[in-house]
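J.: make a model of this:
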Amino acid sequence: MELSELSGKKIAVIGLGQTGIALSRFLLKHNAKVTISDHKSEAELSVALETIQDLPLKFELEGHNPKTLIQQDYVILSPGVPSHLKLFNYVKSQGIKVTGEFEFASRFIKEPMTVITGTNGKTTVLDIAHLFLKESGVNVWVGGNHKQALSQYLYEDKKADVLLIEASSFMLEHVEQMKAKTLVFTNLAANHLDRYASMKDYMLAKRRIFINTSAETTSILNADSNAIIEMARDPVVQRGCIFYFSTRKVLKPQIMNIGGAVLIGDEIQLRTKPDIEYYSLKNCLLKGKHSKENMMTALLIAKEHGGEWSALQKSIDLYKGLPHRLEYVRKVGGVNFYNDSKATNVLAVMRALEAFEDNVILIMGGKDTGLDYKPLAPIIKRKVKSLILIGDAKENINRHIGQSTETFLIGTFDEAVFISYHKSRIGDTVLLSPGCPSFDMFSSYIERGRHFKSLVKKFK
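T.: Numbering: from 1, shown residues only. Take a look at the predicted model:
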């Protein structure tokens, strides 16, 4: 699709968030006729509306009007808008093209894209890969989930050597023509079951990342995930080069033979060309096996786009990690406090606990999205001395794993943090790793993590 084809097109943008605003600016720049539709009221959207008050837009607020939508050439959804709603199925039945912002914008991208998906680790992998490439002198643009919308890149006429895109399942739901130079799949576990009817539906959304692979595509896949390997073996999908990464030493011969990365002690061994490269993790500041897995993944991305060994090793030694991801807060009274507020599913909590030996006081809970917490029971029994539960999900979590250790159901977040300190002894670790989204108590995992840190910093 060419940019000139947008001129005169009637396009409805669904959702007036950061993505909707970026998309609208891009479309108007190329002379499309844009209507923004949002279910919120003018008062609720006042801040967003102020930023685009000078633009020639039409607005339909407090709901989506089917009569308006079926008069459009395109209806483009922001990632937060569920694509399975009856309204959009009706609009499709009337012959209107309904798609998502990521899929739509990708059709105009000429530069190579690396698209990173998975249940956990996407943001960290992207952040490390960005650092690796920047230190190697590669011009990188970063966008996608929780970052700049792809439309922003187009609107600003950026010209990067490579685009690093974090893609959530919400963004992938609409993929039809999107083609990436490099595809990355970090891991797969149950998530977002408040949006998807089943784990199968969630997996089908993620799987759409593969539908346009070709002989020119490089896929970077987690060899320790059977589900991801099965996706890669789909006989109807054409594959190019595949690099696997693994933390299992036993897989070294296979991975080094076909290409990829494997963790051997405190060393990553990597082969994307005939020679094996070695990267030391002895000075790595990140905690947990999953952090080393993220390093491997980012290294493979960097090597695909010109990353240089010296720059990569230097970056490994200096990288401090992102906030709210197993972030060390402080030590007070002999007790270490860690903020893992970004952990919003079962796998993320499990990976956090794997980073500690024992004597963990774990704070969990938040918005209940119907996850099954029973897989946590064995590691809770081994490592958690006290489990403190909060939020909408506390009853559900308690039913699944409350018998695994001493458990408390607490009314407020602040009270939970104070009790965790009261229950702790010298040598213990207090870990906030909620296993749930934050939206029952906070506007985001960021606000939740910041509040946790502010409380901990008051302890004496």
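J.: middle-most residue in the chain, spatially?
T.: By CA atoms, centre = their mean, the mean C-alpha position of the chain lies nearest to residue 122, the distance being 4.4 Å.
J.: following the helix or strand of the chain with the lowest mean pLDDT, which helix or strand comes up?
T.: Ranking every helix and strand in the chain by mean pLDDT, DSSP states H and E puts helix 226-232 at the bottom, with a mean of 87. Later in the chain than helix 226-232, the nearest helix or strand by DSSP states H and E is strand 241-246.
J.: who does that following strand pair with, and is each partner parallel or antiparallel?
T.: If you go by DSSP bridges, strand 241-246 pairs up with strand 218-222 (parallel), strand 260-264 (parallel).
J.: the residue nearest to the centre of the chain reaches residue 116, doesn't it?
T.: Yes: when contacts are counted by CB atoms under 8 Å, residue 122 is listed as touching residue 116 (5.1 Å). Where you see a C-beta, it was placed from the backbone N, CA and C, and this is true even at glycine.
J.: hey, what's in contact with both of those two?
T.: Residues touching both residue 122 and residue 116 (CB atoms under 8 Å, 6 or more residues apart in numbering): 166, 167, 186.
J.: check contacts around residue 176.
T.: 99, 103, 211.
J.: okay, stretch 444-460 in CSV with CA atoms only?
T.: What follows is stretch 444-460 as a C-alpha-only set of coordinates in CSV (Å, rounded to 0.1, in the frame of the first residue of the first chain):
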residue,chain,number,x,y,z
SER,A,444,-0.6,0.9,36.1
TYR,A,445,2.1,-1.5,37.3
ILE,A,446,4.4,1.6,37.2
GLU,A,447,2.2,3.4,39.8
ARG,A,448,2.0,0.3,41.9
GLY,A,449,5.8,-0.2,41.8
ARG,A,450,6.5,3.4,42.6
HIS,A,451,4.2,3.3,45.6
PHE,A,452,5.8,0.1,46.9
LYS,A,453,9.2,1.8,46.7
SER,A,454,8.0,4.9,48.4
LEU,A,455,6.6,2.9,51.3
VAL,A,456,9.8,0.8,51.6
LYS,A,457,12.0,3.9,51.7
LYS,A,458,10.1,5.1,54.8
PHE,A,459,11.1,2.0,56.8
LYS,A,460,13.8,2.5,59.5
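J.: let me see the contact set for residue 65.
T.: Contacts of residue 65 (CB under 8 Å, 6+ apart): residue 37.
J.: revised request: answer the last question for residue 132.
T.: Neighbouring residues of residue 132 by CB under 8 Å, 6+ apart: 298, 299, 301, 302, 307, 311, 312, 315.
J.: excluding chain neighbours, what is closest to the fourth one?
T.: Spelled out, it's residue 302. Among residues not flanking residue 302 along the chain, residue 132 sits closest, at 3.8 Å (CB to CB, 6 or more residues apart in numbering).
J.: distance between stretch 168-183 and the chain's centre?
T.: 14 Å (CA atoms, centre = their mean, to the nearest Å).
J.: er, stretch 177-189 actually
T.: For stretch 177-189, the distance to the chain centre is 12 Å (CA atoms, centre = their mean).
J.: do stretch 444-460 as well
T.: Worked out by CA atoms, centre = their mean, stretch 444-460 lies 22 Å from the chain centre.
J.: how about stretch 133-144?
T.: Its chain's C-alpha centre and that of stretch 133-144 lie 18 Å apart, by CA atoms, centre = their mean.
J.: picking that back up, list only those of the contacts of residue 176 flagged as buried.
T.: 99, 103 (16 or more other CB atoms under 10 Å).
J.: reformat the contacts of residue 176 as JSON lines; add pLDDT, distance to residue 396 and secondary structure.
T.: Shown next, in JSON lines, are these (pLDDT from 0 to 100; distance: CB to CB, whole Å; DSSP: H, G, I helix; E, B strand; the rest coil):
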{"residue": "99", "pLDDT": "98", "distance to residue 396": "35", "secondary structure": "strand"}
{"residue": "103", "pLDDT": "98", "distance to residue 396": "34", "secondary structure": "helix"}
{"residue": "211", "pLDDT": "89", "distance to residue 396": "35", "secondary structure": "coil"}
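J.: could I get the contacts of residue 176 in a markdown table, plus columns for distance to residue 401?
T.: As requested, the contacts of residue 176 are exported to a markdown table (distance: CB to CB, whole Å):
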| residue | distance to residue 401 |
| --- | --- |
| 99 | 40 |
| 103 | 38 |
| 211 | 37 |
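J.: what is the nearest of the contacts of residue 176 to residue 350?
T.: For these, the closest approach to residue 350 (CB to CB) belongs to residue 211, at 29.9 Å.
J.: I am finished for the moment; much appreciated.
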